[in-house]
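Visitor: below are the sequence and a predicted model for it; my questions follow.
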Amino acid sequence: MLAAEVIRAQGIDVLALFFETPFFGSSRARKSARGMGLPLKVVDITRRHLEVVRRPKHGYGSHLNPCVDCHALMFRIAGEMLASEGCAFVFTGEVLGQRPMSQNKGSLNRIAKESGLGGLLVRPLSAKRLAPTIPEENGWIQREALLDLQGRSRKPQIEMARQRNITDYPSPAGGCLLTEKGFSRRLKDLFETRTEIETRELELLKFGRHFRLSPQAKLVVGRNKRENEIIRSLAGEDDITLKSVSAPGPTALLSGDPSEELLLLAAGITASYSDTSNQEISDISVGTPEDEQEGEAGAGQVWSISVHDKREFKRHLI
């Protein structure tokens, strides 16, 4: 937001870009752009980004976050869009030294080079601490009107926002699921067991409890009504749905190629998370997504399952 204000202050038209994937959504960017009266274009880069996440050239951060490769990809795509959008250069809100992995001077130079933008990539908030770029050298933007921010403190940015009457801005932390330990663990499991990954499988990682029953079979169990509905909506045509019939309980989704033994195990896990009121037996419906769509209680087979202590299944949790 601040970088856009610095560039717009020089009389330059700005188009904001947000690159969206299942790992980071555009809601905050849309809200910020509306508040600033800034035109915004949201671009889904899921397919290209997934390859970077799976095999990052420069490795990961603390979890499965390949920040250097991720930034280079985004700037590469932005560069590919310059001509079609009638734009002259790309700029970003990065600050030198703010992120130890992706915003040190070496990483910033590497990202600019690998993105293909080179001198067409401007960092207005730290420009005076970096080498002049093509827009500065050509007089498209005035270097003296750019800033010299450096370091991890955000106090200067907060003061800048106050001076510009920008009060509604997002927290600098969070936003990318790849920086979260639990989500990264689930994604790593998906990479290890699946070659071709569907977008719905990535979305599914955000919800429920995940159990790896075998290399070929995985179970996702909803934790509340909202998650049950989402999990049901994300079912694939070959998935198996499990649901408690005799008592309120979760919707569970079994994917892969489970044996009958694993199907029984999945039913047992589903039963253990249902509200059985200390019953020894729970009836579990086992069907297909089509059965669920028909809305029939107990559609498909109904199995009577012995209710186990859910702690017995912890070893399968991802």
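Guide: In hand now; what should we look at? Numbers count the residues shown, from 1 in each chain.

Visitor: residues of stretch 233-240 that come out buried?
Guide: Neighbour-count burial for stretch 233-240, counted by 16 or more other C-beta atoms under 10 Å, picks out 234-235, 239-240. Glycine gets a C-beta too; all of them are placed from N, C-alpha and C.

Visitor: and the residue lying closest to Cys67 once chain neighbours are set aside, how many neighbours?
Guide: Using C-beta to C-beta, 6 or more residues apart in numbering and skipping residues adjacent in sequence, the residue nearest Cys67 is Ser102, 3.8 Å away. Neighbourhood size, Ser102 [other C-beta atoms under 10 Å]: 21.

Visitor: and the pLDDT at Ser102?
Guide: We note a pLDDT of 90 for Ser102 in this prediction.

Visitor: quick revisit: among the buried residues of stretch 233-240, name the ones in strands.
Guide: Using DSSP state E, the subset of those located in strands is Ile240.

Visitor: make JSON lines from the buried residues of stretch 233-240 and add pLDDT and distance to Ser274 to it.
Guide: Output for the buried residues of stretch 233-240, formatted as JSON lines (pLDDT from 0 to 100; distance: C-beta to C-beta, whole Å):
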{"residue": "Leu234", "pLDDT": "96", "distance to Ser274": "21"}
{"residue": "Ala235", "pLDDT": "95", "distance to Ser274": "19"}
{"residue": "Asp239", "pLDDT": "95", "distance to Ser274": "19"}
{"residue": "Ile240", "pLDDT": "96", "distance to Ser274": "17"}
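
Visitor: identify the farthest-apart pair in the buried residues of stretch 233-240.
Guide: Farthest pair in the buried residues of stretch 233-240 (C-beta to C-beta) is Leu234 and Ile240. Separation: 13.6 Å.

Visitor: give me the common contacts of the two.
Guide: Leu253 (C-beta atoms under 8 Å, 6 or more residues apart in numbering).

Visitor: so the residue nearest to Cys67 versus Glu237, what's the distance?
Guide: Distance of Ser102 to Glu237, given as C-beta to C-beta, to the nearest Å: 39 Å.

Visitor: wait, the residue nearest to Cys67 touches Asn109, no?
Guide: No - look at Ser102 against Asn109 with C-beta atoms under 8 Å: they stay out of range, at 11.8 Å.

Visitor: specify the beta-bridge partners of Ile284.
Guide: Counting by DSSP bridges, Ile284 is bridged to Ser244, Trp303.

Visitor: gap between it and Ile318?
Guide: From Ile284 to Ile318 the distance is 21 Å (C-beta to C-beta).

Visitor: now the helix or strand that contains Glu229: buried residues?
Guide: Secondary structure from DSSP states H and E places Glu229 in helix 225-233. For helix 225-233, burial by neighbour count (16+ other C-beta under 10 Å) applies to 227-228, 230-232.

Visitor: which residue sits closest to Leu205, ignoring its sequence neighbours?
Guide: Here the residue nearest Leu205, using C-beta to C-beta, 6+ apart, is Arg186, at 4.6 Å.

Visitor: mind checking the longest helix of the chain?
Guide: helix 67-85 (DSSP state H).

Visitor: packing partners for it?
Guide: strand 16-20, strand 40-44, helix 46-54, strand 90-91, helix 105-114 (3 or more C-beta pairs under 8 Å, 6 or more residues apart in numbering; DSSP states H and E).
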